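1. Give the three-dimensional model of this entry:
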Amino acid sequence: MENAIVTEELLDQEAHLQQCLHKACLVEEENWRLKSRNLWLKAGDKNTAFFHKQAQARKCFNTISEIKEDNNTHKDFEDIKKAAFSHFQNLYSEDKDPHQYSDLLDIIPSAISPRMNEILEAKVTKDEVKKALFDMAPRCMPRSIY
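-> Numbering: from 1, shown residues only. This is a model prediction of the structure:
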């Protein structure tokens, strides 16, 4: 409609649509900027393809496609999940022999004395719990105390 009459209403509508398009472009650009974590670029650069590539590269970098456990290589998601769980369960279990870390422990300076360690490892008494509760601010107090 090149020969259509341009009215004030049509100009306002076009200006409004231009503003909406501009806002949508800014939102898309900011979204890709945040996903790519390239905060060194200022908002206003129209490099959405760059941001998309950066986000994809980060996603690939953060994806575990295989994991080695002993002499086995796991590539299936469920196997990777089981191997990771098993690794951390073994790593943080309490059945480790403390003597196997004695070389490492000798290097670390002691921050607490044996007496302090005894106090820290002692069982918590009812009186200590009661004192701690009474030392709290009044609004934190439970309704009934033993």
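2. which residues touch the spatially most central residue of the chain?
-> Centre of the chain computed as the mean C-alpha position; nearest residue by Cα atoms, centre = their mean is Asn62, 12.5 Å away. Shown in contact with Asn62 (Cβ atoms under 8 Å, 6 or more residues apart in numbering): no residues. C-beta coordinates here come from the backbone N, C-alpha and C atoms, glycine included.
3. got the residue ranges for the helices in this structure?
-> Here the chain has its helices, by DSSP state H, at 8-36, 48-61, 77-91, 102-107, 114-121, 126-134.
4. Pick out the shakiest of these, pLDDT-wise.
-> Lowest mean pLDDT of those: helix 102-107, a mean of 80.
5. Render the CA-only coordinates of it in CSV, please.
-> C-alpha atoms of helix 102-107 as CSV (Å, rounded to 0.1, in the frame of the first residue of the first chain):
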residue,chain,number,x,y,z
SER,A,102,49.6,-38.8,58.2
ASP,A,103,52.2,-37.3,55.8
LEU,A,104,49.7,-34.6,54.8
LEU,A,105,48.6,-34.0,58.3
ASP,A,106,52.2,-33.5,59.5
ILE,A,107,52.6,-30.6,57.1
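6. Report the distance from that helix to the chain centre.
-> 32 Å (Cα atoms, centre = their mean, to the nearest Å).
7. do the same with stretch 103-122
-> Distance, centroid of stretch 103-122 to centroid of chain: 32 Å (Cα atoms, centre = their mean).
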